[in-house]
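*Asks:* Model the structure of this input:
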Amino acid sequence: MIRITRQTDYGIVLLSQMAAAPLEEVHTAKHAAQQSGLPVPMASKILKALAREGLLVSHRGVRGGYRLAAAPELISVGAVIRALEGPIGITECSYNPGACEQEGCCRVKTNWQRISGAVIDALDKIPLSEMASPHPAILESQLVSLAMLGVRA
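*Replies:* Now for the predicted structure:
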């Protein structure tokens, strides 16, 4: 199974919350953790890493905290994953040529690279601004489910 780590999942949750707020708003680790239901140490660790990678700007002092380094429309899910996990690839040879001893005779290498490219393109096309609100198709399906149960939205 292909998965992102829990830390990266939480990072996307934290950044999506920030994306829903005004760009200039500064968020403390404690407030961000409370909003997302995460432990403060985990939120703090993730926010520091995202600041180190340039996705957040850190503000020191009494009114300190973090804010997005760019508009949410300009920060992709792919950028967040790379910031917290490193290069994206389905197989190691997809992002680290020469790492596999079978690479020279591998019949599926180019197809794995093609698949990795498609995954990267998809992740890079989804901005935080979209992650900050549910996708319309999901909302519609939830409303249909509620209607089938006799619940009015």
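*Asks:* residue closest to the middle of the chain?
*Replies:* Ile12 (3.5 Å; CA atoms, centre = their mean).
*Asks:* out of everything not next to it in sequence, what's closest to that residue?
*Replies:* Setting aside the residues directly before and after it, Ile12 is nearest to Val80 in space (CB to CB, 6 or more residues apart in numbering), at 5.5 Å. (Each C-beta comes from the backbone N, C-alpha and C, glycine too.)
*Asks:* Put the alpha carbons of stretch 51-66 into CSV.
*Replies:* C-alpha atoms of stretch 51-66 as CSV (Å, rounded to 0.1, in the frame of the first residue of the first chain):
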residue,chain,number,x,y,z
ALA,A,51,8.8,26.7,8.3
ARG,A,52,12.3,25.2,7.8
GLU,A,53,11.2,24.1,4.3
GLY,A,54,9.8,27.5,3.4
LEU,A,55,6.1,26.7,3.4
LEU,A,56,5.4,28.7,6.6
VAL,A,57,6.9,32.0,7.9
SER,A,58,7.7,31.9,11.6
HIS,A,59,7.1,35.0,13.8
ARG,A,60,8.8,35.3,17.1
GLY,A,61,7.6,37.1,20.2
VAL,A,62,4.5,37.5,22.3
ARG,A,63,2.2,37.5,19.2
GLY,A,64,4.4,34.9,17.4
GLY,A,65,3.4,31.9,15.6
TYR,A,66,3.2,30.8,11.9
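*Asks:* what distance separates that stretch from the centre of its chain?
*Replies:* 18 Å (CA atoms, centre = their mean, to the nearest Å).
*Asks:* Next: stretch 92-107.
*Replies:* That offset, for stretch 92-107, works out to 27 Å (CA atoms, centre = their mean).
*Asks:* Please export the C-alpha coordinates of it as CSV.
*Replies:* Taking Å, rounded to 0.1, in the frame of the first residue of the first chain, the C-alpha atoms of stretch 92-107 are listed here in CSV:
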residue,chain,number,x,y,z
GLU,A,92,13.0,4.2,-5.4
CYS,A,93,14.2,4.3,-9.0
SER,A,94,11.4,6.8,-9.8
TYR,A,95,13.1,9.5,-7.8
ASN,A,96,16.6,8.1,-7.1
PRO,A,97,18.3,6.8,-10.3
GLY,A,98,21.0,4.2,-9.7
ALA,A,99,19.6,3.2,-6.3
CYS,A,100,18.4,-0.2,-7.5
GLU,A,101,20.8,-3.0,-8.6
GLN,A,102,18.2,-4.3,-11.0
GLU,A,103,17.7,-0.9,-12.8
GLY,A,104,19.8,-1.8,-15.8
CYS,A,105,17.7,-4.8,-16.8
CYS,A,106,14.3,-3.8,-15.3
ARG,A,107,11.4,-4.2,-17.7
